[in-house]
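[1] Curious how this folds, go ahead:
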Amino acid sequence: MILKIMLAIIILIMAMTFIAPLKESIGLSRNTSTNLNCSAPDLSSATNATCIVLDFAMFYFLGIAISIGMAFIAGKKDVGGVVTAIVVFVVVNILISPLKDFIIYARDATHLNCASASLTVANRLTCILFDLWLFWFVVIAISSALTFILARKVLSK
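    Model prediction:
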């Protein structure tokens, strides 16, 4: 029990330590960057979505850190399940970038040309499939991790 409380306190201290640099880097990224100027009035949809995600980054970081700390304090989770969840989260984040680049590459004007106004129904469905591919990858990775944790930790007892 003492080990779990110590781990929870360490995680919460680490989260509080990272708040100031994270807030500063988010402020610099969204306001002073030439590529991402979130205060500009004429933002594209993609830039606006990036700014929104960047604004929520600190909230998600703190929420995850507090949740992990509370899981240790409550004693309902053991260290193995939390470590497995963190590893799955890191692997999904690492694999998102190449998949996103591949989706952008497949949708551009020289391949599927999804921005064209004269697409057939089959081409539109293919574009929708490519748009949803990244979402379904994340959903499958998270559901696989939850199934693994459930089968290994809960059903084995």
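
[2] domain assignment for this structure?
    According to automatic domain parsing, the chain is divided into the following domains: 1-77, 78-157.

[3] got CSV for the ones you listed, with mean neighbour count and mean pLDDT too?
    (Each C-beta comes from the backbone N, C-alpha and C, glycine too.) Converted to CSV, the domains of the chain look like this (neighbours: other Cβ atoms under 10 Å; pLDDT from 0 to 100):
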stretch, mean neighbour count, mean pLDDT
domain 1-77, 13, 73
domain 78-157, 12, 77
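
[4] Check the offset of the helix or strand in which residue 129 is found from the chain's centre.
    For residue 129, the element it lies in under DSSP states H and E is helix 121-149. Distance of helix 121-149 from its chain centroid, counting by Cα atoms, centre = their mean, to the nearest Å, is 14 Å.

[5] Same question for stretch 40-58.
    15 Å.

[6] Give me the contact list for that stretch.
    Stretch 40-58 has contacts (Cβ atoms under 8 Å, 6 or more residues apart in numbering) with 19, 22-23, 26, 29-30, 36, 38.

[7] Out of those, which two sit at the greatest distance?
    19 and 36 (21.2 Å; Cβ to Cβ).

[8] quick one: contacts for the residue sitting furthest away from the middle of the chain?
    For the chain, the residue at maximal distance from the C-alpha centroid (Cα atoms, centre = their mean) is residue 118, at 33.9 Å. Residues near residue 118 by Cβ under 8 Å, 6+ apart: none.

[9] For the helix holding residue 129, name the packing helices and strands.
    Judged by 3 or more Cβ pairs under 8 Å, 6 or more residues apart in numbering; DSSP states H and E, the packing partners of helix 121-149 are helix 79-107.

[10] Heading C-terminal from the helix or strand residue 25 falls within, find the next helix or strand.
    In the assignment (DSSP H and E), residue 25 maps to helix 2-31. Remark: after helix 2-31, the chain's next helix or strand is helix 45-74, criterion DSSP H and E.

[11] what angle do that following helix and helix 2-31 make?
    170 degrees (axes from the mean of the first three to the mean of the last three Cα atoms, to 10 degrees).
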